[in-house]
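> Here you go, sequence then predicted model.
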Amino acid sequence: MVTKISKKLLKLGNIAVKKAQEKNRKNGIPNVYCLNGKIIFELPNGEITTQYNFHER
């Protein structure tokens, strides 16, 4: 059972994550996710890739 406080904390957490993702995009930093055990990069231009070279930046 999800309590009222749990729902509120989840909502606040989701808002914080969305803000962080947008900040990354504005600063040219990829957002990194794990989907089915695979690392996925969302580049600031919106491109999705499984490979990213951080040393080129």
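Perfect, I can see it now. Here the structure is a predicted model, which is why all the values come from computation and not from measurement.
> going forward, measure contacts and count neighbours with C-alpha atoms only.
OK.
> Counting neighbours, what do you get for Pro30?
Under the neighbour criterion other C-alpha atoms under 10 Å, Pro30 is assigned a count of 21.
> Pretty sure it sits against Glu42.
Yes: using C-alpha atoms under 8 Å, Pro30 is in contact with Glu42, at 5.4 Å.
> contact partners of stretch 18-29?
Residues outside stretch 18-29 that contact it (C-alpha atoms under 8 Å, 6 or more residues apart in numbering): 30-31, 43-45.
> And for stretch 43-57?
For stretch 43-57, the surrounding residues in contact (C-alpha under 8 Å, 6+ apart) are 24-26, 28-31, 38-42.
> Buried residues in it, which are they?
Within stretch 43-57, the residues that count as buried by 16 or more other C-alpha atoms under 10 Å are 43-44.
> Over it, what's the mean pLDDT, rounded is fine.
In this model, stretch 43-57 has an average pLDDT of 85.
> Thanks a lot, catch you later.
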